[in-house]
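Q: Quick one: sequence and predicted model below, then my questions.
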Amino acid sequence: MTVTDLLLDIRFSISQPSNAAFALAVKCSLPAKGVTAIIGHSGSGKTSLLRCIAGLETKVTGSIQFAGQAWLNGTHSVPTHKRNIGYVFQEPSLFEHLTVKGNLEYGRKRSLLKSTSGQFSKVLSVLGIEHKLQQLPSELSGGERQRVAIARALLTQPQLLLMDEPLSSLDGPRKQEILPYLESLASEFSIPILYVTHSVDEVVSLADRAIVLEQGEITAQGSLSELSSTLDSKLVSTHGMGSILTAKVIEKQTNYHLVKVQCNGCFLWITDLGYELGQFLTLRVLASDVSLSDVKPQGSSMLNHMPVEVIDFGSGSHPALRLVRVKAGDETLLVSVTLRSLHELNIQPRRSLWASVKSVAIVN
């Protein structure tokens, strides 16, 4: 823990229209770097947590500290405009009567720090909106509107950026359009980001770590690989069974449009989507796309075969299925098998087997 960490020990409750009371009780320390995803089912308290951090909720008690500053101490709360926070909502909420430039200038004028033309140009470049400055919001696509909203938040020069499901209002193609821009935010601007989402693809693409909320409390937190490598993983149960791995591109087969990546003690071939040698990737391997056998497969269309050792197993998503954890090098993989296969392969802890993974099943 350092003085720049975000330290939370807060309690918040509210009566909902259904007369069912909602309570948020969160205590944790989050590093003030990279992207932390906040995930959980609807009603788990994700947006409420962001609003408490931003100072938008008035009935919060406890403590919030960030960068050596006390934003909340007991019931004494620093006003939102003095917390130097950027907030991106689900909807862009642009001023429709102002051009893109006018919307951005609005954000820049509200910065607690003196801005520069260089910083303004960098925000425009990173988010790819230099050629949109004279357009009105009504002339922009959904993805462009959200990029302008993100740029406006960045131009306030916040110490912390809060993003509440910023892609939820976009369709599939628009989400894919904006994801590459989001991927560069934390590194380009050296700003910590708290990112609320329901999408595992967004988590894998953007986040360094995650916290899982259930009924207003944190039930799990850690790196993506840690959260995805247990049988009772909250990340797995929330978003679908699979393993999340960090990999480095070490070889390219241009004639087959494949690249070889090195994980933590194992190697995989994946489809080349324009990756560079030395590039680091975050991969998701679905449990349903991994198979087990007692000998190394021969003559298989699958490219990835690796020796593994069984760690343990548990219930699957159906009575006919079991979820098996295996060790591949120093990586942990989840594998979905039938109960029949579990018995026929004599799957048990410390059993040596071979795992096969389709290269096309690995999602970056």
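A: All right, it came through fine.
Q: is it true that residue 151 lies in a helix?
A: Yes: counting by DSSP: H, G, I helix; E, B strand; the rest coil, residue 151 is part of a helix.
Q: does it really touch residue 124, like I thought?
A: Yes: taking contacts as CB atoms under 8 Å, residue 151 lies within contact range of residue 124: 6.9 Å. For glycine as for every other residue, the C-beta is placed from the backbone atoms N, C-alpha and C.
Q: Overlap in contacts, those two.
A: Residues touching both residue 151 and residue 124 by CB atoms under 8 Å, 6 or more residues apart in numbering: residue 104.
Q: isn't residue 129 right up against residue 146?
A: No: with contact defined as CB under 8 Å, residue 129 and residue 146 do not form a contacting pair (10.6 Å).
Q: So for these two, which residue has more residues nearby?
A: Relative neighbour count places residue 146 above the other of residue 129 and residue 146, with 29 against 21, counting by other CB atoms under 10 Å.
Q: So the residue sitting nearest the centre point of the chain: helix, strand or coil?
A: In the chain, the C-alpha closest to the average C-alpha coordinate belongs to residue 203, at a distance of 2.4 Å (CA atoms, centre = their mean). Under three-state DSSP, residue 203 falls in the helix class.
Q: Give the buried residues for stretch 329-347.
A: Along stretch 329-347, these residues count as buried under the neighbour rule (16 or more other CB atoms under 10 Å): 331-337, 341-342, 345, 347.
Q: To clarify, my last question referred to stretch 214-229.
A: Going by 16+ other CB under 10 Å, stretch 214-229 has these buried residues: 216, 218, 220-222, 224-229.
Q: okay, how far is it across it, tip to tip?
A: Its start and end residues considered, stretch 214-229 measures 19 Å (CA to CA, to the nearest Å).
Q: Over to stretch 41-55?
A: 23 Å.
Q: Please identify the buried residues of it?
A: For stretch 41-55, using 16+ other CB under 10 Å, the buried residues are 44-55.
Q: Kindly report the same for stretch 23-35.
A: Within stretch 23-35, the residues that qualify as buried by neighbour count (16+ other CB under 10 Å) are 24, 26, 30, 32-33, 35.
Q: do the same with stretch 261-281
A: Applying 16+ other CB under 10 Å to stretch 261-281 flags 261, 263, 266, 268-270, 272, 275, 281 as buried.
Q: ok, and what's touching it?
A: Contacts to stretch 261-281, defined as CB under 8 Å, 6+ apart, come from residues 245-254, 257-260, 283, 303-304, 306, 328-331, 357, 359-360, 362, 364.
Q: Out of those residues, list just those in strands.
A: Cross-referencing the contacts of stretch 261-281 against strands under DSSP state E gives 245-253, 258-260, 283, 304, 306, 328, 331, 357, 362.
Q: Okay, helices next: where are they in the stretch 101-250 of the chain?
A: 117-127, 142-154, 172-183, 185-189, 200-206, 224-228, 234-239 (DSSP state H, counting those that start in this stretch).
Q: In CSV: these, plus mean pLDDT and distance to residue 96.
A: Conversion of the helices of the stretch 101-250 of the chain to CSV gives the following (pLDDT from 0 to 100; distance: least, CB to CB, whole Å):
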stretch, mean pLDDT, distance to residue 96
helix 117-127, 86, 20
helix 142-154, 91, 10
helix 172-183, 83, 19
helix 185-189, 84, 25
helix 200-206, 83, 27
helix 224-228, 85, 38
helix 234-239, 55, 35
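Q: Tabulate those (CSV), appending distance to residue 295.
A: Listed next are those as CSV, based on distance: least, CB to CB, whole Å:
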stretch, distance to residue 295
helix 117-127, 50
helix 142-154, 49
helix 172-183, 40
helix 185-189, 44
helix 200-206, 32
helix 224-228, 28
helix 234-239, 29
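Q: Which stretch among the ones you listed approaches residue 296 most closely?
A: Comparing the helices of the stretch 101-250 of the chain against residue 296 with CB to CB, the closest turns out to be helix 224-228 (25.7 Å).
Q: Output that closest one as CSV, restricted to C-alpha atoms.
A: Below are the C-alpha coordinates for helix 224-228, written out as CSV (Å, rounded to 0.1, in the frame of the first residue of the first chain):
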residue,chain,number,x,y,z
LEU,A,224,-7.6,-11.5,-13.9
SER,A,225,-5.6,-14.7,-13.9
GLU,A,226,-6.1,-15.1,-10.1
LEU,A,227,-9.8,-14.5,-10.4
SER,A,228,-10.3,-16.9,-13.3
